[in-house]
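> Need coordinates for the below:
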Amino acid sequence: MLNNIFNFVTSNIIDYIPEQIIDFFSRKYIAGPSLSDAIKATIDLNSKGIMSTIDVLGESVVNEDQTIFFRNECIKVLETIKKESLNANLSLKPTQMGLVINKALCYENIRKIVKRAKELDNFVRIDMENSPYTTDTLKMYRLLREEFPGHVGTVLQAYLRRTVDDIERLSDKPLNIRLCKGIYIEPYKIAYKNPQLINENYIYCLEKLFSKKAYVGIATHDEKLIFHAMRLIEKYNLKTNDYEFQMLMGIGDELRDFILSKKHRLRIYVPYGKEWLSYVRRRLKENPNIIMTALGIK
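Down below sits the predicted model:
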């Protein structure tokens, strides 16, 4: 009960906590301000048999010059991965590439990044943001998948009511999907609110994706979902290279070790950059237990 009260209160005051305090809790969950920090973190993960996806923090860009900066930074990430021979790929956000400004601008920025990823034999994950951008993100994914098959994927969120239908709509071609619960605050008509129902829909969507022979990044820190995922992996007789588990940096180390002990592939999300504040606030809202852990309360 005390834990539930703490989580409720913390989630509602995160936006009012000073930046300096948020910074204290962020250090374990962000590689650092520069690409070199992300590379260092990735080298460490690779040495433990863990893959990474590197993310340049920043979203909701409203200036075209900023989108060019982020586009070039993403290309630099891909080129550095190649140069350093890392087991890593790239994640990016459409609003970082200009979706708020102009859809055509956003698409062309992402296309240039994915084109470079193909040249470097790598992969780009187009992250999913909140519901105003879902349809446009999936449209861009569909177009890029057609032009650069095998080099681009996107994200579906189990708490959205539309996700099961999106799987059906997208399954006319090979799918590469990161499946997560979803973190943005959405209205009832768009998203499920009951945690148990969200979990049930996650399992339902995961099985539907497996039945469509999709490659799935099973993105969760929920041990119940990981249990059911492993059950479905066995049911569908999937090979190690048919899927992967995905987790956030700095969260669930014991669960991470358990996944590895079962010989499953694991990828860790490695964010870096100066635009870290909104990312950390969102993660703390999703999981206030991070604060309790950092304070040594649990």
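> do you know how far the closest residue to residue 116 other than its chain neighbours is from residue 110?
Leaving aside its sequence neighbours, residue 116 sits nearest to residue 75 (C-beta to C-beta, 6 or more residues apart in numbering; 5.0 Å). C-betas here are computed from N, CA, C, even on glycine. Taking C-beta to C-beta, to the nearest Å as the measure, residue 75 and residue 110 are separated by 11 Å.
> Name the surrounding residues that touch the one helix or strand residue 109 maps to.
Assigned by DSSP states H and E, residue 109 belongs to helix 103-119. Around helix 103-119, the neighbours that count as contacts under C-beta atoms under 8 Å, 6 or more residues apart in numbering are 64, 67-68, 70-71, 74-75, 78-79, 89-90, 92, 94-95, 97-99, 123-124, 126, 136, 140, 143-144, 147-148, 151-152.
> quick revisit: next, the contact list for the residue nearest to residue 116, please.
So residue 75 contacts 112, 113, 116 (C-beta under 8 Å, 6+ apart).
> the helices in this protein, which residues?
2-13, 19-26, 35-47, 64-84, 103-119, 134-147, 163-170, 195-211, 223-235, 253-261, 277-286, 289-294 (DSSP state H).
> Any chance of CSV for these, columns distance to residue 245 and mean pLDDT?
Putting those into CSV (distance: least, C-beta to C-beta, whole Å; pLDDT from 0 to 100) gives the following:
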stretch, distance to residue 245, mean pLDDT
helix 2-13, 25, 49
helix 19-26, 23, 58
helix 35-47, 13, 98
helix 64-84, 20, 97
helix 103-119, 22, 98
helix 134-147, 21, 98
helix 163-170, 19, 98
helix 195-211, 12, 98
helix 223-235, 7, 98
helix 253-261, 5, 96
helix 277-286, 18, 58
helix 289-294, 20, 46
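> and the residue nearest to the spatial centre of the chain, backbone torsions?
Central residue of the chain (C-alpha atoms, centre = their mean): residue 127, 6.0 Å from the mean position. Main-chain torsions, residue 127, degrees, to the nearest 10: phi -70, psi 160.
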